[in-house]
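A.B. asks: got a structure for you, letters missing:
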Ligand SMILES: Cc1ncc(COP(=O)(O)O)c(C=O)c1O
Ligand SMILES: N[C@@H](CCOP(=O)(O)O)C(=O)O
């Protein structure tokens, strides 16, 4: 049903029919000209002391909260219950100890049709209007609808590029429609920024409401901690991070240090850190920032919406996501599913969750026909950010995969490092987790499950520059029991003309076309 009541009138977006010049959000008319009204067009002009927050505030006078969201037990659609909590409560678990989920008032959102939402989201891309310049907050109504824009802590994250992996697809996989969604090109270099802007914004609000929150804490394999400390530092909120000693990259370790976080290096693995942060946050006024906290996933789900948007609302066949604590695979499912439920698209892609063989509890569960879940002791892997043996979001991941005809694959260390080197040789510079996702793709292509014309998106979860040591080891052939067959070490040459010419001639001959 189309909304006619002023309660559902969006002050900031007017959609005009080409014929009748009256604003109308309607399901009937498919021919739209979108005109972003003044609030959305507010310039980023900081002259005269006006900044983009002030500008947004000035234009945002009539902002009634039409949409809402609350926590409900994550019940995988099985049992419905009356249990629910306001997002302003500090709660991470349901009464039964299970996971929570953020449930939106879908009926209110459905007052607008898919075309309306597509147009609204599209109208916000590429602007600096607060807070919609963020890829996350450009979907604010679907994320945290009730938060005051003034409470938002954002680095205009999201809107990451989705690029065509032309040469890699053609040469190595015989594919012509392979894409990489580079979530690692982001403020702190990973997709965690998408969730952290939401979580820290909500903490900002809670603090203003005088809720008992002094700081925000997380256990981390390096990316959650980087995002948490950056967003907290931007808001002036103390952050506390629990890191497994000697198990994250130097680049990741230096991020929270530089951002002024209180860093605890603990003599355990990620699962041990996770256990500790859960115990500590139950006792102290430290808000839990791991994806056990379902707020995070509301931000992360916008990457899925962005993929559809970037394909002009066409649905890819496959999306491959590396999995560790397993919040992100559910977030992707949720984003795609919301787009379908609200009429932006008519189907969702099949998801593949890719794990390192050294940390593969989901893979083993999948292979058992979802019969027997056992956590594992995660072994060292170059994909260190997914070295997780007891994922907190296991139930969410299983639900997501079952509902999209999903698949779980795994990659050995050699497979993931070779896939990384191969992709890099075509101009990428991917992190080892993306190498895990590419290895899954290679396997599914060779089994014929992913077809050569299938539109496939590989989600690159972090920037390769965070993981240079793994590349140095590989290209130095300095990895025990690994052939490093694509190693490309530098050649030491005497610094005289003759020696350099000899080496170059040999190189050029090896590259010359053979007729
Ligand atoms: C770079 C990177 N890729 C993938 C993942 C896996 O995401 P999730 O824990 O949500 O499964 C993580 C964190 O776990 C990560 O930091
Ligand atoms: N890779 C993560 C592990 C923790 O995941 P989270 O999504 O539950 O915070 C990290 O970088 O710490």
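C.D. replies: Right, received. Where do you want to start? Bear in mind that the values here come from a model prediction, so they are computed numbers and not experimental data. Numbers count the residues shown, from 1 in each chain. Ligands and ions are numbered 1, 2, ... in the order given.

A.B. asks: any idea how far residue 156 is from residue 427?
C.D. replies: Applying Cβ to Cβ, to the nearest Å, the value for residue 427 to residue 156 is 26 Å. For every residue, glycine as well, the C-beta is placed using N, CA and C.

A.B. asks: what about residue 464, neighbour count?
C.D. replies: Here the count is done by other Cβ atoms under 10 Å, and residue 464 has 22 residues near it.

A.B. asks: let me redo that: residue 395
C.D. replies: Neighbour tally, residue 395, other Cβ under 10 Å: 17.

A.B. asks: So for the helix or strand harbouring it, mean pLDDT?
C.D. replies: Per DSSP states H and E: residue 395 is located in helix 394-402. On average, the pLDDT along helix 394-402 is 98.

A.B. asks: Would you mind listing the buried residues in that helix?
C.D. replies: 394, 395, 396, 397, 398, 399, 400, 401 (16 or more other Cβ atoms under 10 Å).

A.B. asks: again with stretch 75-93
C.D. replies: Neighbour counts over stretch 75-93 (16+ other Cβ under 10 Å) mark 75, 76, 87, 92, 93 as buried.

A.B. asks: What's the end-to-end length of that stretch?
C.D. replies: Here the two ends of stretch 75-93 are set 12 Å apart, with distance taken as Cα to Cα, to the nearest Å.

A.B. asks: How far does it sit from its chain's centre?
C.D. replies: The chain centroid and the centroid of stretch 75-93 are separated by 23 Å under Cα atoms, centre = their mean, to the nearest Å.

A.B. asks: got a list of contacts for it?
C.D. replies: Residues from elsewhere that reach stretch 75-93, judged by Cβ atoms under 8 Å, 6 or more residues apart in numbering: 69-73, 94-95, 98-100, 102-103, 144, 146, 202, 205-206, 209, 211-213, 281, 287-288, 292-293, 295, 395, 398-399.

A.B. asks: The helix holding residue 395 near ligand 1 at all?
C.D. replies: No. Using Cβ under 6 Å from any ligand atom, helix 394-402 stays clear of ligand 1, coming no nearer than 7.5 Å.

A.B. asks: next helix or strand past that helix?
C.D. replies: Remark: after helix 394-402, the chain's next helix or strand is strand 407-411, criterion DSSP H and E.

A.B. asks: In contact with residue 205, which residues?
C.D. replies: Shown in contact with residue 205 (Cβ under 8 Å, 6+ apart): 88, 147, 148, 151.

A.B. asks: Give me the buried subset of these.
C.D. replies: 147, 151.

A.B. asks: Which ones among the contacts of residue 205 lie within strands?
C.D. replies: If you go by DSSP state E, those have nothing in strands.

A.B. asks: Which of the contacts of residue 205 sits closest to residue 368?
C.D. replies: Distance to residue 368, by Cβ to Cβ, is smallest for residue 88 among the contacts of residue 205, at 40.4 Å.

A.B. asks: How about the contacts made by the closest residue to residue 376 other than its chain neighbours?
C.D. replies: Spatially, and ignoring its direct neighbours in sequence, residue 376 is nearest to residue 389 (4.3 Å; Cβ to Cβ, 6 or more residues apart in numbering). Neighbouring residues of residue 389 by Cβ under 8 Å, 6+ apart: 269, 271, 359, 361, 375, 376, 377, 378.

A.B. asks: and of those, the nearest to ligand 1?
C.D. replies: Nearest to ligand 1 among the contacts of residue 389: residue 359, at 10.0 Å, using Cβ to the nearest ligand atom.

A.B. asks: pretty sure the closest one is in contact with residue 385, am I right?
C.D. replies: No. Applying Cβ atoms under 8 Å, one finds residue 359 not in contact with residue 385, separated by 10.2 Å.

A.B. asks: can you list residues touching both of these two?
C.D. replies: Shared contacts of residue 359 and residue 385, defined by Cβ under 8 Å, 6+ apart, comprise residue 324.

A.B. asks: So what touches the helix or strand where residue 504 lies?
C.D. replies: Taking DSSP H and E as the criterion, residue 504 maps to helix 497-511. Helix 497-511 has contacts (Cβ under 8 Å, 6+ apart) with 491, 493.

A.B. asks: That helix - what's its average pLDDT?
C.D. replies: For helix 497-511, the mean pLDDT works out to 97.

A.B. asks: Give me the angle between the particular helix or strand that has residue 355 in it and helix 394-402.
C.D. replies: Under the criterion of DSSP H and E, residue 355 resides in strand 350-356. Relative orientation of strand 350-356 versus helix 394-402 (axes from the mean of the first three to the mean of the last three Cα atoms, to 10 degrees): 130 degrees.

A.B. asks: Show me what secondary structure element comes after strand 350-356.
C.D. replies: Using DSSP H and E, the next helix or strand after strand 350-356 towards the C-terminus is helix 361-367.

A.B. asks: Would you pull up how far whatever helix or strand residue 102 lives in lies from the middle of the chain?
C.D. replies: Using DSSP H and E, residue 102 maps to strand 100-104. Distance of strand 100-104 from the chain centroid (Cα atoms, centre = their mean) equals 18 Å.

A.B. asks: what mean pLDDT does the longest helix seen in the chain have?
C.D. replies: Across the chain, the longest stretch assigned as helix under DSSP state H is helix 192-208. Average pLDDT, helix 192-208: 98.

A.B. asks: And the next helix or strand past that helix?
C.D. replies: Next along the chain after helix 192-208, taking DSSP H and E as the criterion, comes strand 215-219.

A.B. asks: Any part of the next helix or strand after that following strand near ligand 1?
C.D. replies: Sequence order places helix 223-235 as the next helix or strand after strand 215-219, per DSSP H and E. Yes. Counting by Cβ under 6 Å from any ligand atom, contacts between helix 223-235 and ligand 1 involve residue 223.

A.B. asks: Tell me if helix 223-235 is near ligand 2.
C.D. replies: Yes. Judged by Cβ under 6 Å from any ligand atom, helix 223-235 and ligand 2 are in contact via 223, 224, 225.

A.B. asks: What residues of that helix count as buried?
C.D. replies: Residues of helix 223-235 classed as buried: 223-235 (neighbour count, 16+ other Cβ under 10 Å).

A.B. asks: Just the closest of the residues you listed to ligand 1, please.
C.D. replies: Checking these against ligand 1 by Cβ to the nearest ligand atom gives residue 223 as the nearest, at 3.5 Å.

A.B. asks: surely that closest one meets residue 462?
C.D. replies: Yes. Using Cβ under 8 Å, residue 223 makes contact with residue 462 at a distance of 5.8 Å.

A.B. asks: Grab the nearest non-local neighbour of residue 435.
C.D. replies: residue 420 (3.4 Å).

A.B. asks: tell me, how many neighbours does the nearest residue to residue 402 once chain neighbours are set aside end up with?
C.D. replies: When the adjacent residues along the chain are set aside, residue 402 lies closest to residue 370, with 7.4 Å between them (Cβ to Cβ, 6+ apart). Burial of residue 370 is recorded as 12 neighbouring residues (other Cβ under 10 Å).

A.B. asks: swap in residue 455?
C.D. replies: 18.

A.B. asks: Kindly report the same for residue 222.
C.D. replies: If you count neighbours by other Cβ under 10 Å, residue 222 ends up with 27.

A.B. asks: if I look at it, how far off is residue 275?
C.D. replies: 18 Å.

A.B. asks: dump the residue contacts of the closest residue to residue 390 other than its chain neighbours.
C.D. replies: Once flanking residues are discounted, residue 390 sits nearest to residue 375: 3.7 Å by Cβ to Cβ, 6+ apart. Residue 375 is in contact with 271, 361, 389, 390, 391, counting by Cβ under 8 Å, 6+ apart.

A.B. asks: would you turn those into CSV with pLDDT, secondary structure and distance to residue 54?
C.D. replies: Formatted as CSV, the contacts of residue 375 follow (pLDDT from 0 to 100; DSSP: H, G, I helix; E, B strand; the rest coil; distance: Cβ to Cβ, whole Å):
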residue, pLDDT, secondary structure, distance to residue 54
271, 97, helix, 45
361, 98, helix, 49
389, 98, coil, 48
390, 98, coil, 46
391, 98, coil, 43
